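Chemist: the sequence and its predicted three-dimensional model are supplied below.
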Amino acid sequence: MAAARATAPESSRRRPHTSTTRVLAESLRMFSPRREYKHPVMFTVYVLFLFLLVVTLYPAPFPDIQATYHPAYYEALTVILFLTLWFSHLAEAIAEAQGRAQADALRQVRSGMRARQLAADGSTRWVGTDLLRVGDRVEVRAGEAIPLDGDVVEGAAQIDESMMTGESELVTRESGGDKTSVLGGTRVVQGTIRIRITAVQGQSFLDRLIRLVEGAVREKSPNELALDTVLAGFTIALLVVVVAFLYLVTVFPYVHLSVGTVIALFVSLMPTTIGALLPAIGISGVNRVAKTNVIAKSGRAVETAGDLDVIILDKTGTITVGNRLAVQFVPAPEVAEAELTARAMLASSLDDTPEGRSILRLAGRRGAASQRLEEGAYRVVPFSAERKMSGIVLRDGTEVYKGSVKAIEAYAGPLPAPLRQAAEEASRKGMTPLALAANQRVLGLVLLKDVVKPGIRDRLRELRTMGIRTVMCTGDNRLTAQAIGRESGVDEVIAEAKPETKLEVIEREKAQGRLVAMTGDGTNDAPALARADVGLAMNSGTSAAKEAGNMVDLDNDPTKLIEIVSIGKQLLVTRGALTTFSITNDVAKYFAIIPGLFIAANGGVIAGVALLNVLGLGSPELAVLATVFFNAIIIPLLIPLALYGVRFRPKSAIDLLRQNLVLYGVGGLLSAFVGIWLLYQALLWLGQQPLWQTLVHLASEGLPLLVPHFSGAFW
Amino acid sequence: MADFAAIVEIAVVLAIILAIAAPFGDYLGRVYTNRPAFGDRILLPVERRVYRVLGVSARESMGFREYAGAFLLFSALTAAWMFAMLTFQSDLFPQPTGFTPMSWDTTVHTTASFLTATDFTHFAPEVNMTPWGNLLALGVPMFLAPAAAMSVVAAFARGFIRKDGTLGNFYVDIVRSLTRVLLPLALVGGVVLVVLSVPDAFPPPLWAGPHASYPGFAGPVAGFQSIVYLGSNGGAWTSANVASSLANPSIWTQDFGLGLFLLLPFAFPFAFASIVRRPGEAWPYLGTILIVFVAGLALFLAFEGPPGLSLSGYRFGVVPDSSFQFASVYSNTGSNNLNIAGLAPIPQMSLLFGMFTQNTPGSDGVGFGTLLVFALLAIFIGGLMVGRTPEYLGKRISLTSVKWTALILLYHPVAILIPTAAAYIGGFVPSTSSFATVPFCAGSVCSNAHAFTSVLYEFTSEAANNGSGMSSFHDVTPFFNLVGAAVILIGRFLPMVAMLKIGSEFARSNSLPPGPGTLETRSLTFTLYLTLLLIVISALLFLPVIALGPLSQIGG
């Protein structure tokens, strides 16, 4: 959010330690059992930590454990388990803090806002925004903030939306048409508008955004639940393995296994890395979407975006710049070019669209004189989607129309053959032929050229690499549409689309089980937006469109959909990569811990088991500590990866799999071997330092000296 | 080098099996999807008559509950038949001299064991069976059990091509498994074994008595042995199994047997590709199977055979016999031609590993089914790694599927480790000194580890429905009989019902055509990934007991 960008530094300057202390406080608060219970893997670690804590403080009631009890060892294990949990909490707390920073900034926008409510008789009075209801009307004047989301019902205004969209250019909002919607929190710069409130406090986009980034509405997606299931299943299986092992070794005197070591073994083998980071990954995915200035109504929608199969794109404004410009006049046979340009100028003189203006410019260059029309001497026939033409009727009965070839043919009869050819050829070249007729006589063509947005070709290619098919929907005729399709590289072109065409395409694709996304802004896009799996509505669009979509883009940039797809995919990739990392990491941990447990009569490790000791770790206790410590420390090391997502570049699925397998699978294996070896050496070195030896001595002597007083009374 | 020649011989046998497995798998696929197949002209009318007699309407397609229900009912009826036959065989049929009926708990174990193609034997046929009892109580389920297993896995596979949530008709599958696959192939196999001079006397003559020499136990051995191999069964006419000259007189019968028990397991990946109609879909599975199979065999051969270290007697040489034993365990057949307890520790570990994965290639049908479940897990994690909700063959992997997949992953270590631990904690394991001694064990650690390996092997073999055993201790006790029977039944029915459930989940969802975003399973990358995941997960779950068992035998 722009607001976040703008105000977060300011607020952190004011209260420099707030966010750090709050993250720390939150991370400690997460030790509450109710919170831990939500994540099965970490909850298991939590239970084991509590058990170790009790055993360390009061070893007396556990005679079995006491037999192998070494205070410093148990204390170290307890601390490491605490760290494991705490690191996991930190990851989650940091992700939440990132969201909260955005939310706080947004809240400031709204705090203490009042509005001028309109009564039925037209009088106004000031009320707090919390008293406003849907349907209430308010008046907002220049310099005032718009209290809540609404539709302009009267007037027009220039509005500064930069606090919501980051776009510093003012936007125009006016009653009627498709540009009626205003956002709560934005500011009117010029003009006075009357607004009908469409969302009460607590339900506006601002509120939704706040709730979303704060994680209040976060629910686990099906993918996340499935991964949770796999991880929980794996944890249970490992629990059985470790418990069976614990019981079995009691039979074999040559295996030295203390309860502490079993817990260490279990914790290292559990998928704690992914388990610890899973909540943070989910939260940060939503945050990343919010950072692109898109409000997703649920975290699930973000994930769905990663799965999309088909994206329906509008041609105008999405694939093309949106402004078709006149480039050429083609007079009909027996019509002088001068007549054509003059008439074209007349027909466009009151057409304020970019196309209209470009016709005026071109005609001017061709020598046509601009005509001054007197007030009341003409009647404008506006463009309508049904008739597909617009024009002007003068008082003397002269009518001039310009519009699609079909529309003009319907009005003035068939085009002469050379014109028809010229029109078709222009279409093939990606131009739009506009036919011009005066008094039911065809005068010629104006050729408009549609400009494909720079860079759109590359982005569409990226989509194709990711396996997403693009469908371009346009009201243009087939030839024009196909030319643009070729130029931009979309996979399918649907020409001469009617408002309901998008919905038909969505139904067609969904019937085949595909996931479909579309962008839209008009009210007649609403049904399709609602039906699409991901409906990205433009903020400038109507309330109906925004209500129907499950995402709203504050920047009004339809190509944003491509970024959202990437974020959705990145979310899944991050989960998969860290799961793989977690699993391959475990292999190394086995090799570090197991050999030290099998001690032969001569004091050495049993030869067969010693084969597993590829790291050559001499001390079993240090090997265990190094391993669990590695298991804990890898979590904070991977927090950035969880928060920002793994690098995602569009590639074919199999290339991605290969790349991520090498990176996170093989990487996980090697990093664990190296990391454990390094930590082991560090512990070995530390153990030789006199200061450390004193500390360990104090720890192993001091605590038992303190505690028995309590433990005796306690038990 | 004699060894080299023997290795080439094994490689040639494997190559021949693979060459047959591909077209045969395609034929299997046709059989299980009711497409035109070889033999239709003769067999279709026969099958129709069978359906009419059984009152089955062949067109009716069953959902998960009906299919699983029919499978369980069928198994229950088979079990009832077996239990009755085992209990009353001495009343119904002439008994040989020295016949001793089984205890009730051994009968329970035997019923469970042969009902599931495990064929872990806690009895000696020469003493505890009559010739007719052998044929009817144990021979009949040797056809029915693999037929049911193949049917269930075929139904699982069909889930990927159906959209109405149903899996097909269990009774049709059973009948066709018998008429199209097991009966004709067993007939061919039996004839070949007869030609290779395995005795085949029918009706079975009365045995000569418990202390007679092997020719005195003749019977329809060739026919019996044929379905023993073909159906991943692993039982035998006599207790010496295929280490006896009766069932396995020459290297030729041994190599033929190896081919017979590897054929269906190796054909199933091709059958799957044929069922889902995706040419090449067999290769990732076959690749994974071959990598683990060859690596395991290499490990076995590299550490087996140094003189003085192994107890095993080799009748046809170290490499041929080891390869046979290895392939028999890896295909969950469990026919023994070696004394597994006498193998060196690393070969024992290699055998155990094959039963931990139970899918390289595993038994007829179920082995492949388990591999498919593993592949679903691989696709799930791999699918996340490529940024898409995981899907296979155009069908999304639902939360329910993931749950049942996790269950299949989970039950196997539980079914092995809990009974093993319980046996020790409950004091059901006899003292170490009563275990067979092994020459390579010098110290007490090794002896303890050997005893542990034996107990672990017993439950692993039962959980994997394998049937091979180390038989180095007295396991015919109520504990090992009843707990063993429970492990066998869990090891069979839990994963198979779960496979049906997963299949019906897939059968319920629409399929979408593959695009560039779809994870291509027919690739070397995916094959290696599946292989590594299989090895890593099996290792993670079983490394502690591997260290406690086989590895501690070395130098301990």
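Modeler: Thanks, I have the structure now.
Chemist: count of residues packed around residue 412?
Modeler: Picking chain A for this. Residues lying near residue A:412 (other CB atoms under 10 Å in any protein chain shown) number 18. All C-beta atoms are positioned from the backbone trio N, CA, C, and that covers glycine.
Chemist: wrong chain, I was asking about chain B
Modeler: Residue B:412: 25 surrounding residues under other CB under 10 Å.
Chemist: quick check: it vs residue A:586, distance?
Modeler: 18 Å (CB to CB, to the nearest Å).
Chemist: go ahead and confirm residue B:473 touches residue B:435.
Modeler: Yes. Using CB atoms under 8 Å, residue B:473 makes contact with residue B:435 at a distance of 4.9 Å.
Chemist: mind listing the shared neighbours of these two?
Modeler: Each of B:451, B:454 lies in contact with both residue B:473 and residue B:435 under the rule CB atoms under 8 Å, 6 or more residues apart in numbering or on different chains.
Chemist: so the closest residue to residue B:543 other than its chain neighbours, which of the three states?
Modeler: Closest residue in space to residue B:543, ignoring its immediate chain neighbours: residue A:590 at 5.1 Å, by CB to CB, 6 or more residues apart in numbering or on different chains. Assigned with DSSP: H, G, I helix; E, B strand; the rest coil, residue A:590 falls in the helix class.
Chemist: check contacts around residue A:590.
Modeler: A:269, A:612, B:539-540, B:543.
Chemist: could you dump those into JSON lines with pLDDT and distance to residue A:484 added?
Modeler: Putting these into JSON lines (pLDDT from 0 to 100; distance: CB to CB, whole Å) gives the following:
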{"residue": "A:269", "pLDDT": "88", "distance to residue A:484": "57"}
{"residue": "A:612", "pLDDT": "88", "distance to residue A:484": "64"}
{"residue": "B:539", "pLDDT": "89", "distance to residue A:484": "56"}
{"residue": "B:540", "pLDDT": "88", "distance to residue A:484": "55"}
{"residue": "B:543", "pLDDT": "91", "distance to residue A:484": "60"}
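Chemist: buried members of the residues you listed into ChimeraX, please.
Modeler: Per 16 or more other CB atoms under 10 Å in any protein chain shown, the buried members of the contacts of residue A:590 correspond to this ChimeraX selection:
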select /A:269,612 /B:539,540,543
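Chemist: which pair of the contacts of residue A:590 spans the longest distance?
Modeler: A:269 and A:612 (14.5 Å; CB to CB).
Chemist: could you report the distance from the most centrally placed residue in chain A to chain B?
Modeler: By CA atoms, centre = their mean, chain A has its centre lying nearest to residue A:289, at 2.7 Å. To chain B, residue A:289 is 15 Å away according to CB to the nearest CB, to the nearest Å.
Chemist: with residue A:468 instead?
Modeler: Residue A:468 is 7 Å from chain B, by CB to the nearest CB.
Chemist: show me the contacts for that residue.
Modeler: If you count contacts by CB under 8 Å, 6+ apart, then residue A:468 has A:308-311, A:565, B:515, B:517 around it.
Chemist: for those, which one is nearest residue A:29?
Modeler: Of those, the one sitting nearest to residue A:29 (CB to CB) turns out to be residue A:565, at 35.5 Å.
Chemist: contacts only, for the closest residue to the closest one other than its chain neighbours.
Modeler: Leaving aside its sequence neighbours, residue A:565 sits nearest to residue A:305 (CB to CB, 6+ apart; 5.2 Å). When contacts are counted by CB under 8 Å, 6+ apart, residue A:305 touches A:517, A:534, A:561, A:564-565, A:567-568.
Chemist: rerun that using 6 Å as the cut-off
Modeler: Residues in contact with residue A:305 (CB atoms under 6 Å, 6 or more residues apart in numbering or on different chains) are A:534, A:564-565, A:568.
Chemist: over to residue B:125?
Modeler: Neighbours of residue B:125 in contact, by CB under 6 Å, 6+ apart: B:134, B:238-239.
Chemist: who wins on neighbours among these?
Modeler: Counting by other CB under 10 Å, top hit in the contacts of residue B:125: residue B:134 with 26 neighbours.
Chemist: quick one: that residue from residue B:219, how far?
Modeler: In terms of CB to CB, residue B:134 sits 7 Å off from residue B:219.
Chemist: go on, residue A:54?
Modeler: Applying CB to CB, the value for residue A:54 to residue B:219 is 65 Å.
Chemist: take the contacts of residue A:468 and keep only those in helices.
Modeler: residue A:565 (DSSP state H).
Chemist: of all of chain A, which residue lies closest to chain B?
Modeler: Taking CB to the nearest CB as the measure, chain A has residue A:467 as its residue closest to chain B, at 1.9 Å.
Chemist: number of nearby residues for that residue?
Modeler: For residue A:467, using other CB under 10 Å, the count is 22.
Chemist: check contacts around the residue lying closest to it once chain neighbours are set aside.
Modeler: Nearest non-adjacent residue to residue A:467, counting by CB to CB, 6+ apart: residue B:517, 1.9 Å away. Residues near residue B:517 by CB under 6 Å, 6+ apart: A:466-467, A:653, B:388.
Chemist: got the residues of the stretch 551-700 of chain A near chain B?
Modeler: Within the stretch 551-700 of chain A, the positions near chain B by CB under 6 Å from any CB of the partner chain are A:569, A:572-573, A:575-577, A:579, A:586-587, A:590, A:594, A:606-609, A:652-654, A:656-658, A:660-661.
Chemist: before we move on, the earlier item: may I see the buried residues of the host helix or strand of the residue nearest to the centre of chain A?
Modeler: Element membership of residue A:289, judged by DSSP states H and E, is helix A:272-291. For helix A:272-291, the buried set under the neighbour-count rule, 16+ other CB under 10 Å, comprises A:272-291.
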